[in-house]
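Novice: heads up, no residue letters with this:
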C-alpha cells in the first residue's frame, strides 16, 4: 500500500565494472547508497507515493592493480512518484 518503484537507465561508462546508486529526498544533501548494479539499469523499490526523490550515480573501475577506483558523483536526476 503506497509502495512504489522507479527504474533508471543510464549510459555505460567506459571501463566501469559496476555502478553505485545514491538517493535523497533533498536535491543538495543527504544522499545514501541504495544499491549497486553491474548493468546500466537499476530498479529502486519501496518508494513512497507523492514524493520526489533525487539520485546520483558513481561508477566503479579497476585501476589495473587489482584495486577499485570510484568516480565522482554524476549530475543529480529526480523522480516524482505518483
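Specialist: Received, thanks. The shown structure was predicted, so the numbers you read here are calculated from the model rather than taken from an experiment.
Novice: what's the neighbour count on residue 4?
Specialist: 16 (other Cβ atoms under 10 Å). C-beta: built from backbone N, CA, C; applies to glycine.
Novice: Any buried residues in the host helix or strand of it, and which?
Specialist: Assigned by DSSP states H and E, residue 4 falls within strand 3-9. With burial defined by 16 or more other Cβ atoms under 10 Å, the residues of strand 3-9 counted as buried are 4, 6, 8.
Novice: could you say what helices and strands it packs with?
Specialist: The contact analysis (3 or more Cβ pairs under 8 Å, 6 or more residues apart in numbering; DSSP states H and E) places strand 3-9 against strand 41-48, strand 77-80.
Novice: Paired strands for the helix or strand just after it, with orientation please.
Specialist: Downstream of strand 3-9, the first helix or strand assigned by DSSP H and E is strand 16-24. Take DSSP bridges as the rule and strand 16-24 pairs in its sheet with strand 32-37 (antiparallel), strand 52-62 (antiparallel).
Novice: Stretch 36-53 spans what distance, first to last residue?
Specialist: One end of stretch 36-53 to the other measures 17 Å (Cα to Cα, to the nearest Å).
Novice: cool, stretch 45-52 as well?
Specialist: By Cα to Cα, one end of stretch 45-52 lies 14 Å from the other end.
Novice: now swap in stretch 30-50 and tell me
Specialist: 19 Å.
Novice: now do stretch 18-34
Specialist: 14 Å.
Novice: Kindly report the same for stretch 54-74.
Specialist: 12 Å.
Novice: same check, this time on stretch 58-67
Specialist: 16 Å.
Novice: Show me which residues of it are buried.
Specialist: Here stretch 58-67 shows 58-61 as buried, counting by 16+ other Cβ under 10 Å.
Novice: Next: stretch 19-36.
Specialist: For stretch 19-36, by 16+ other Cβ under 10 Å, it's 19-24, 31, 34.
Novice: So what touches that stretch?
Specialist: 8, 10, 13, 18, 37-38, 40, 42, 44, 51-60, 70, 73, 76, 78 (Cβ atoms under 8 Å, 6 or more residues apart in numbering).
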